[in-house]
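Undergrad: Sequence first, predicted model second:
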Amino acid sequence: MTTRTPRTAPGTRRAASGAPRTRRIHLAAHFPGVNSTTVWADPRSRSQIDFSSFEHLARTAERGRFDFFFLAEGLRLREHKGLIHDLDVVGRPESLTVLSALAAVTDRLGLAATVNATFNEPYELARRLATLDHLSAGRAAWNVVTSSDAFTGENFRRGGYLDRADRYTRAAEFVATARELWDSWTPPGPDAPYGEPRRFAHAGAEFTIEGEFTVPRSPQGHPVVIQAGDSDEGREFAASAADVVFTRHGTLEAGRAFYDDVKARLAAYGRQPGDLKIMPGATVVLGDTDADARERAAAIREQQVSPQNAILALEQVWGRDLSAYDPDGPLPDVDPDPDAALAQGRVRIGDPFEVAARWRALSEAKGLSIRQTVIETTARQSFVGSPETVAEEMHTFVTERAADGFILVPHLTPGGLDDFVDRVVPLLQERGAFRTEYEGATLRSHLGLPDPHRKADGA
Amino acid sequence: MPPIPPLLLAAEIGGPPRYDAAHHVGLVRLAERGALDFVTLRDSFARPGPDALEVLARVAPATERIGLVPTVTTTHTEPFHVSTAVATLDWVSRGRAGWLVEVSATEAEAKLFGRKPAAPAPALWREAGEVADVAARLWDSWEDDAEIRDTSTGRFVDRAKLHHVDFTGTDFTVRGPSIVPRPPQGHPVTVVDAVAGGHSEQTAARHADVVLVRAGRPEEAAAVAERLRARAARHGRDPGSLRILVALSVDLGGGERPREPGLDSAPSDAEGLHHSGGPVDLAELITRWHTHGAVDGFHLTPLFPERDLERLVNGTVALLQHRGLFRTFHPGGTLREHLGLARPANQYASAGETS
């Protein structure tokens, strides 16, 4: 067994006097997504694929002393009514390749890739992540996602046969197997600066593999593992195996409940509360005053929900062709078609009757058109206000233990975090709520995560 | 006599495995100073070493002109991932990517994946050809002008310019389109190492832009090149669009002329051409072969890259440049431009509506 350094409460730093210092926030920058929250029609919007866009956002995040940069993934272009969806930004690079390139233009910033455990194999993915960790001198992270989606599976040899129930089984065994591979080399010695490969053999329900790994143990030991998913199984998987949870809980109350729930699950796995960081996705709209910011926020929501996108959002709930409806007119009288499979490659929204009833009620109560209803129900912004207001609210989230930090999702590529870094980060730093310099070199050190326990020889 | 086409030079940078970025950046910058067409970095699941494509992606922003060609294996990797990773290398290097197609032949490699047993070489190379085929289709699945950002209709892309590839190979299918827009070169450069008489030669003739060949004498190389070009023509390709490089392993550890070097002493076997001696003698060898006109250039594999690449660039290449046989800088920006290869037309561009 390893011995653990005694730890104070999670994220709490104690000054010499013993008085608790303020809880520090962790921040990540999410490259604008392939979806309608990313506004492409704005004149400031630039390429979603040129390396310069990735470099700009990564350098901005590093200038702001962020913990990490985050890339989402999609392995099939979404379709709607049997046609490729054409209203939102689409097209992106392969994550681990672009992160390897970003390692050349950043020095301390963590580099996180979302990579699907359904359509990859542990040996190859563990090797690619370990390589990134070496090339970046300890800054690699992996956001583990799974897919049971046969539609996406049509792009792959193995297809999309994974049952929903098996998703976390596969993810858990995948992560465990990757860690066996990352631990498989001997420690460095005088004659072997990288150590030597040792044979591994893994036999499980999902993978039966054996041989030698080609990459020595990487600077972080294990690249940081991120998990996104709010189901009970997802929370349990995070508690057992993840270093960071990427959540959607947007309100203080929901955030606190989630935070308590997930942190309470850690003890069962012999883990400390600080061993797992909870980072909701968040959006920020800044203005010189709170009123100014609210005005900007409304304008952004309108940009995000074009008239065409409003009809599309409606069709995704109703499961019907509603192209004849006026986006500025009232909601349709017809009921949703629960069996429709209009939208492919995106997450379904829940019970369509319940959603439709809620939208109708809202529309009637406030006299909203189709587009206004969609704006009201789908385009959410987490923090809207002056830099002072936003800094205060974000800090409150962390001090109230509704989060350990945030994964910020800008709506503009690539300059969407420029203002945040220039105007909010200094205020967080003044409060002592955010680092002013990187204190360590690795992503694990930024996040305050313990070094992973290395399995002893023969263990 | 027709004018001799420009000499092409490439070098392998792999040696005893190294995992840090600085080592690789140093070697590729050195090769770039010599204005070499491209570097390769060999890779295999069967021996220690980092993922070569990621290494060269890490090198890309630290270099400006030189082509970057990692080994990518097709046996155990998803064809879709092969295509998107190589396309992304082309994006991050702004049009300097290639890939050296390889297969994983051993049972030991198959057991690392545990999905299927090892297959015989003919089947592996047939599959490699299918992967090269589907990779190119996926690169073409986005037309160059698919992104329209048309605010009047609210459309970001013109879906008529995105194409399902619906590829059916012997053992896999891919629906498409790609998630990655068409890369800067259209198709990153496909390189195949055609071991003489081996099963990769068919795949090379059909899919490669650059073929590495083994030959001990210029006449031998000329015969191999002729056979490859004829095969390429039978596949409906322009034989002039193939670039044929002789594989040449070099050991520049000794002084000048330690023994009778190069051409006449070279062993004429599957190992191909080997040079052990000094950098000036190597320049002589390259000059003799090049003036013979049998091949387009050389792919040099230094015995110890850290030692030999410096001697190669500052000795051999400098001399070739002095003699006016090799460029002193890269006039073009992309690997295709260095190699004198056109940007390929899109195979779907006139296909109209996507299925």
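TA: In hand now; what should we look at?

Undergrad: Nearest residue to the middle of chain B?
TA: B:V191 (3.3 Å; Cα atoms, centre = their mean).

Undergrad: can you list contacts of the helix or strand hosting that residue?
TA: Under the criterion of DSSP states H and E, B:V191 resides in strand B:189-194. Outside of strand B:189-194, the residues within contact range by Cβ atoms under 8 Å, 6 or more residues apart in numbering or on different chains are B:38, B:40, B:67, B:69, B:97-102, B:132, B:136, B:200-201, B:203-204, B:207-213, B:224, B:228, B:247, B:335-336, B:339, B:341. Any C-beta I mention is one placed from the backbone N, CA and C, and that applies to glycine too.

Undergrad: Give me the number of neighbouring residues for the residue nearest to A:A228 when sequence neighbours are not counted.
TA: In space, and not counting its chain neighbours, A:A228 is closest to A:F246: 4.0 Å by Cβ to Cβ, 6 or more residues apart in numbering or on different chains. By other Cβ atoms under 10 Å in any protein chain shown, 25 other residues sit near A:F246.

Undergrad: Which strand residues bridge A:F246?
TA: A:A228, A:M279 (DSSP bridges).

Undergrad: Pull the contacting residues for it.
TA: A:F246 touches A:70, A:143, A:226-228, A:279-281, A:407, counting by Cβ under 8 Å, 6+ apart.

Undergrad: how does it look with 10 Å?
TA: A:28, A:30, A:70, A:72, A:112, A:114, A:143, A:145, A:226-230, A:238, A:277-281, A:407 (Cβ atoms under 10 Å, 6 or more residues apart in numbering or on different chains).

Undergrad: With B:L9 instead?
TA: Here B:L9 is in contact with B:31, B:34-38, B:245, B:248, B:286, B:290, B:296-300, B:312-313, B:316-317, B:320, B:325-327, B:338 (Cβ under 10 Å, 6+ apart).

Undergrad: which ones among the contacts of strand B:189-194 are found in helices?
TA: Per DSSP state H, helices hold the following members of these: B:132, B:136, B:200-201, B:203-204, B:207, B:224, B:228, B:335-336, B:339.

Undergrad: Give the next helix or strand downstream of the stretch of helix or strand A:A28 belongs to.
TA: Using DSSP H and E, A:A28 maps to strand A:26-30. Remark: after strand A:26-30, the chain's next helix or strand is helix A:51-63, criterion DSSP H and E.

Undergrad: Distance check, the residue of chain B positioned farthest from its centre against A:T413.
TA: Most distant from the centre of chain B: B:S152, at 43.2 Å, with distances by Cα atoms, centre = their mean. Distance check for B:S152 against A:T413: by Cβ to Cβ, to the nearest Å, it reads 21 Å.

Undergrad: Same question for A:L181.
TA: Relative to A:T413, and taking Cβ to Cβ, A:L181 is found at 35 Å.

Undergrad: for the stretch 251-400 of chain A, what spans make up the helices?
TA: Assigned by DSSP state H, counting those that start in this stretch, the stretch 251-400 of chain A shows helices spanning A:252-265, A:290-304, A:307-318, A:352-366, A:370-378, A:387-399.

Undergrad: Including mean neighbour count and distance to A:G189, could the ones you listed go into CSV?
TA: Converted to CSV, the helices of the stretch 251-400 of chain A look like this (neighbours: other Cβ atoms under 10 Å in any protein chain shown; distance: least, Cβ to Cβ, whole Å):
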stretch, mean neighbour count, distance to A:G189
helix A:252-265, 16, 39
helix A:290-304, 17, 56
helix A:307-318, 22, 58
helix A:352-366, 15, 61
helix A:370-378, 21, 57
helix A:387-399, 19, 43
